[in-house]
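Peer 1: below is the sequence, then the predicted model.
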Amino acid sequence: MKDKLYLIYRKLFSFFGAQHWWPGDSAFEVMVGAILTQNTNWLNVEKAIDNLKQSKVLKPQRLYNLSKKKLAKLIKPAGYYNIKTDRLKSFLGFFLKSYNGNLKKMSQENTRVLRKGLLSVKGIGPETADSILLYALDKPVFVIDAYTKRILSRHHLIEREATYDETQNLFMRELKGDVQLFNEYHALLVRVGKEFCLKNKPRCEICPLK
DNA sequence: TGCCAGGCCGGGT
DNA sequence: ACCCGGCATGGC
């Protein structure tokens, strides 16, 4: 099993090359993007983030102080804008209250404690929490998403109905706990998922994993 | 033109 | 402990 996961990684990397994730200019932008991209096309998220940048509010305190109505309007292109407004606000409350809106302070926290804290925020589930841990805070946590599960189950490495934790445990048990590896591996899975492993239009014949 | 995207919550079984 | 509807825009 261990060899299989490394083999898949090598195939993906040699086919696609480095993905340079997470796209974004700052760790804070990554955290905001992680919430905005929930079940949403990244291109739409970019529009929302651009709006926040144009309005000069892509900072913890500025964003937190913004009225719900104004925030909702700015992130509208990302979809689910009412829900995501609340989710951003609750996350920012946590970030400001627990870590004074300071990324350094946050990243010094014990990873397990941090994950629990993030999961206690309404609107942050396992994938969003782990994306923040890995891509904003450089913690060696493997991110699981819909593509990852679909690809692994189609290759019979997990059950089709495997849970998030089961899938994550597989990766973290079999792979060396390396931030750069986890970063690149997840990004590559999303890449191959988008191009070859769509829900109703799989292109398995020409997939680089074939 | 309909299908789907880098999920998560809450209410019902 | 699962299961499912709701949430919403924009690209292809």
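Peer 2: Sure thing, it's come through.
Peer 1: how about the helix or strand where residue A:6 lies: buried residues?
Peer 2: Taking DSSP states H and E as the definition, residue A:6 sits inside helix A:2-16. For helix A:2-16, the neighbour count (16 or more other Cβ atoms under 10 Å) marks A:5, A:8-9, A:11-13 as buried. Heads up, the C-betas are built off the backbone N, CA and C, glycines and all.
Peer 1: distance to residue A:51 and pLDDT for these - can I get that in a markdown table?
Peer 2: Below are those laid out as a markdown table (distance: Cβ to Cβ, whole Å; pLDDT from 0 to 100):
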| residue | distance to residue A:51 | pLDDT |
| --- | --- | --- |
| A:5 | 39 | 97 |
| A:8 | 37 | 98 |
| A:9 | 36 | 98 |
| A:11 | 38 | 97 |
| A:12 | 33 | 98 |
| A:13 | 34 | 98 |
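Peer 1: who are the packing partners of the helix holding residue A:6?
Peer 2: If you count contacts as 3 or more Cβ pairs under 8 Å, 6 or more residues apart in numbering; DSSP states H and E, helix A:2-16 packs onto helix A:164-174, helix A:179-196.
Peer 1: of all the ones you listed, which lies closest to residue A:33?
Peer 2: Nearest to residue A:33, of all the helices and strands packed on helix A:2-16, is helix A:179-196, at 13.4 Å by Cβ to Cβ.
Peer 1: work out the gap between that closest one and the centre of the chain.
Peer 2: Distance of helix A:179-196 from the chain centroid (Cα atoms, centre = their mean, to the nearest Å) equals 11 Å.
Peer 1: how about the residue nearest the centre of chain A, what does it touch?
Peer 2: The residue lying closest to the centre of chain A (Cα atoms, centre = their mean) is residue A:131, at 3.5 Å. Neighbour list for residue A:131: A:22, A:30, A:34, A:143 [criterion: Cβ atoms under 8 Å, 6 or more residues apart in numbering].
Peer 1: redo that, cut-off 7 Å
Peer 2: A:34, A:143 (Cβ atoms under 7 Å, 6 or more residues apart in numbering).
Peer 1: and it, what helix or strand is that in?
Peer 2: helix A:126-131.
Peer 1: got the domain ranges for chain A?
Peer 2: The record's domain parsing of chain A by automatic domain parsing lists A:2-20+A:142-206, A:27-136.
Peer 1: that concludes my questions; thank you for your assistance.
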